[in-house]
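**Q** have a look at this prediction, sequence included:
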Amino acid sequence: MAVMGDRVPMFKLRPYHSLLIAALFFAIVGGLLSAYFMVEDAYESEARRGLFSLIVTGILVLILVIAAFSRYRFSHLKHHRPGYKRG
């Protein structure tokens, strides 16, 4: 939210870019880490670290993406263009 000249808040319905970048970073690092653990788990009979790290990475990335697009829940803040017919 940015504050304009007369201290009127200006809302923009764009996703949080920092959270999307964080989600991409966690997806890459978590994917590489789970791939490494899955290769190690191939030599052990009961180890499931690769699958566990993949599930945790997926949940974390999903939460970050949902948080990044959380502004879209506030559809009443959309700017109505001139000529927009209101109900």
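**A** Received the coordinates, thanks.

**Q** CA only for contacts and neighbour counts going forward, please
**A** Will do.

**Q** what residues of the longest helix belonging to the chain count as buried?
**A** Taking DSSP state H as the criterion, the chain has its longest helix at helix 17-41. Buried residues in helix 17-41, defined by neighbour count with 16 or more other CA atoms under 10 Å: 19-20, 23, 26-27, 30-31, 33-35, 37-38, 41.

**Q** against which helices or strands is the next helix or strand along the chain from that helix packed?
**A** Toward the C-terminus, helix 17-41 is succeeded by helix 49-68 as the next helix or strand (DSSP states H and E). In terms of contacts (3 or more CA pairs under 8 Å, 6 or more residues apart in numbering; DSSP states H and E), helix 49-68 is packed against helix 17-41.

**Q** that older thread, next, the angle helix 49-68 makes with the longest helix of the chain.
**A** If you take axes from the mean of the first three to the mean of the last three CA atoms, to 10 degrees, helix 17-41 sits at 170 degrees to helix 49-68.

**Q** where's the residue lying closest to Y36 once chain neighbours are set aside relative to R14, distance?
**A** Excluding the flanking residues, the one nearest Y36 by CA to CA, 6 or more residues apart in numbering is G50, at 7.3 Å. Remark: distance between G50 and R14 (CA to CA, to the nearest Å) = 34 Å.

**Q** between those two, which one's more packed in?
**A** More neighbours surround G50 than the other of G50 and R14, with 21 against 11 (other CA atoms under 10 Å).

**Q** and the more buried one, what does it touch?
**A** Shown in contact with G50 (CA atoms under 8 Å, 6 or more residues apart in numbering): 33-39, 41.

**Q** go again with 7 Å.
**A** The contact partners of G50, taken as CA atoms under 7 Å, 6 or more residues apart in numbering, are 34-35, 37-38, 41.

**Q** for P15, what are phi and psi?
**A** Per-residue torsions, P15: phi -70, psi 160 (degrees, to the nearest 10).

**Q** how close does it get to A67?
**A** 9 Å.

**Q** same thing with A22?
**A** Per CA to CA, A22 is found 11 Å from A67.
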